[in-house]
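Trainee: sequence plus predicted model, see below.
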Amino acid sequence: MTIVGLDDTDSRTRGMCTTYAAAVLAERVRRAGGNVERLLLVRLNPAVEYKTRGNAALAVHCDLPVDEAFELATDLVDETAEVADERTNPGVVATTDGLGSRSDWLRKLPHRAIREVLDPEKDVIEPLADGGYHYSGWGSGRGLVGASAAAGAWAGLGEDPVAQPADWTYECLTYRERDRWGSERDVSPESVFSVADEFYPDIWDTVDRGEGEAVCVPNTPGPVLYGIRGDDRESVEEAAAAIESEPVARRETFVTNQGTDMHLQTVEPDEIAEDRAVRVTGEVVEAPETREGGHVFFSLGFPDAAADPLACAAFEPTKRFRDRVRALRVGDRLTVCGEVSDGTCKLEKFAVRDLDTTELATPDCPDCGRSMESAGANAGYRCRDCGTSAEGKVKQPIARDLELGWYEVPPCARRHISKPLVRGGFDAATHPER
């Protein structure tokens, strides 16, 4: 079996899509008489600065000889990649399913690319050259990082006993006719919401009911018309076929690590690092504050560790999730998940482990029931009518708008790799967003 990895053919401003390049490559492999075993879509570290939105790398698994498949892929990149954008630096890597002479390196690379920021030259290009791989880079060659990670992903993900095992999901992507790229998409919202209702929870992140948005339909100028994500191939393909839309140019189903939380690393407070996605537990030490732009910030402290508090943020695009964050109080114990950048954790989800359900209040008189008054500085409280006294404020129960368990950003704000709560497997009760 031959594996061809592709990455970074698209542009934030000019469009294109590396999934489309992989779909076209699969078509050309079939035309050349080859069989395509699978198309693999690997979401890499969402904290990488120079990524396009989803940070996807692709791999095509086929039975053509390596040199023939490699030539098809490089020709395709020459024809379709948006290399006029200086931020677009494609890469192509081809190998057999034995992963070449440096198979251990290539197996370990996907986990690293999903959880770290790699040095293209040291971590990828030098091992490619030393291992005698078929590879080609355009521009800076930075796309070789993703292309190599995608090439090693099927074998490598889940083989590291310390890391999370592979949890493959599926996405069926539907593409537009070429002359429609850049124009407004014609997709029936009613049919999208109908499909979302019919196939949920086997498919997820199709719509955002709170915002009334069909999130499976992108607003970029590229070739994707819509994409359906879910837990099994049959469901995503059946749902995709049921959506009413403009004419369809092609449709492909990808095996993917989307919706898996594979990027998250459970860390101790002193292990929190920049440009990593972490899962860490602590206590709210500074109450939530809404700042300019509608962003909500609070501080998570670690009383039992010698580590500074971590700033946590729910940014405006997370919409109603911010209300969950605003409901937090000092003393609540949480597990937070998100990408750490510039010292701030950009929240994707959090679990309430323990809630502070009391507050200090002025005591009531035990005789008449009226609220006592201050007896002076450090003198406690007293009832002027009855003469009773109390040493200080007392704890009283309060109602909370949160429950124990997991809360998440809504579908409209979800990172591709983040695991929706509806998929299950969490260590506490869940409160899924739809």
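Mentor: All right, it came through fine.

Trainee: can we go C-alpha only for contacts and neighbour counts from here?
Mentor: OK.

Trainee: now the helices for the chain?
Mentor: 18-31, 66-80, 103-115, 126-130, 143-156, 189-199, 233-242, 321-326 (DSSP state H).

Trainee: so what touches the first one?
Mentor: Okay, so that is helix 18-31. With contacts defined as CA atoms under 8 Å, 6 or more residues apart in numbering, helix 18-31 is touched by 6-10, 35-36, 39, 41, 56-60, 62, 64, 69, 72-73, 76-77, 80, 175, 223-224, 252.

Trainee: now swap in the third one and tell me
Mentor: Helix 103-115 has contacts (CA under 8 Å, 6+ apart) with 43-46, 99, 118, 127, 145-146, 148-153, 155-157, 159-160, 163, 262-265, 276-277.

Trainee: again, but for the second one
Mentor: The set of residues that contact helix 66-80 without belonging to it, under CA under 8 Å, 6+ apart, is 2-4, 9, 16, 21, 25, 28-29, 90, 92-96, 134-136.

Trainee: could you tell me how far V352 is located from R333?
Mentor: 6 Å (CA to CA, to the nearest Å).

Trainee: what's the answer for R400, then?
Mentor: Separation of R400 from R333 (CA to CA): 14 Å.

Trainee: so for the two, which residue has more residues nearby?
Mentor: Using other CA atoms under 10 Å as the criterion, R400 and R333 rank with R333 on top: 23 against 13.

Trainee: contacting residues around that one?
Mentor: T281, G282, E283, V284, V352, R353, D354, L355.

Trainee: try A196
Mentor: When contacts are counted by CA under 8 Å, 6+ apart, A196 touches I203, W204, T206, V207, A239.

Trainee: still on that earlier bit, looking at the helices of the chain, which is buried most?
Mentor: Most buried of the helices of the chain, by mean neighbour count (mean count of other CA atoms under 10 Å): helix 143-156, with a mean of 28.

Trainee: other SSEs contacting that helix?
Mentor: strand 2-7, strand 36-43, strand 56-62, strand 91-96, helix 103-115, strand 134-137 (3 or more CA pairs under 8 Å, 6 or more residues apart in numbering; DSSP states H and E).

Trainee: D197 is nearest to which of those?
Mentor: Of all these, it is strand 36-43 that lies closest to D197, at 25.5 Å by CA to CA.

Trainee: centre of the chain to that closest one, how far?
Mentor: 18 Å (CA atoms, centre = their mean, to the nearest Å).

Trainee: might you report the residue contacts of the closest residue to V336 other than its chain neighbours?
Mentor: The shortest distance from V336 to any non-neighbouring residue, by CA to CA, 6 or more residues apart in numbering, is to F350 (4.3 Å). Applying CA under 8 Å, 6+ apart to F350 gives the contacts L334, T335, V336, C337, W406, Y407, E408.

Trainee: and which of these is nearest E198?
Mentor: Comparing the contacts of F350 against E198 with CA to CA picks out E408 as the nearest, at 22.5 Å.

Trainee: low-confidence ranges in the stretch 201-350 of the chain?
Mentor: The stretch 201-350 of the chain contains no residues with pLDDT under 70.

Trainee: apply 90 and report the result again.
Mentor: The stretch 201-350 of the chain contains residues with pLDDT under 90 at 219-222, 304-306.

Trainee: strands paired with the longest strand along the chain, and their directions?
Mentor: Longest strand in the chain, counting residues (DSSP state E): strand 276-290. Strand pairing for strand 276-290, using DSSP bridges, gives strand 264-266 (parallel), strand 296-301 (antiparallel), strand 333-341 (antiparallel).

Trainee: save these as a markdown table, and put in distance to Q258 too.
Mentor: Below are those laid out as a markdown table (distance: least, CA to CA, whole Å):
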| stretch | distance to Q258 |
| --- | --- |
| strand 264-266 | 13 |
| strand 296-301 | 27 |
| strand 333-341 | 15 |
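
Trainee: quick one: which of these is nearest A377?
Mentor: From those, taking CA to CA, the stretch that ends up closest is strand 296-301, at 31.2 Å.

Trainee: gap between the closest one and the chain center?
Mentor: Its chain's C-alpha centre and that of strand 296-301 lie 21 Å apart, by CA atoms, centre = their mean.

Trainee: only alpha carbons, please: show that strand as CSV.
Mentor: C-alpha atoms of strand 296-301 as CSV (Å, rounded to 0.1, in the frame of the first residue of the first chain):
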residue,chain,number,x,y,z
VAL,A,296,-15.2,36.9,29.5
PHE,A,297,-12.1,36.3,31.6
PHE,A,298,-11.5,34.6,35.0
SER,A,299,-8.5,33.2,36.8
LEU,A,300,-8.0,29.6,37.7
GLY,A,301,-5.7,29.0,40.7
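
Trainee: what residues does that strand touch?
Mentor: 282-291, 308-316, 322, 325-326.

Trainee: ok so, going back, which of the contacts of F350 sits closest to T362?
Mentor: Nearest member of the contacts of F350 to T362, counting by CA to CA, is L334, at 28.7 Å.

Trainee: just to revisit the earlier point, in a markdown table, list the helices of the chain along with distance to F298.
Mentor: Below are those laid out as a markdown table (distance: least, CA to CA, whole Å):
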| stretch | distance to F298 |
| --- | --- |
| helix 18-31 | 37 |
| helix 66-80 | 45 |
| helix 103-115 | 25 |
| helix 126-130 | 43 |
| helix 143-156 | 34 |
| helix 189-199 | 34 |
| helix 233-242 | 38 |
| helix 321-326 | 8 |
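
Trainee: for Q396, which of those is the nearest?
Mentor: Nearest of the helices of the chain (CA to CA): helix 321-326, 21.1 Å.

Trainee: got the buried residues for the longest strand of the chain?
Mentor: Within strand 276-290, the residues scored as buried using 16 or more other CA atoms under 10 Å are 276-288, 290.

Trainee: thank you, goodbye.
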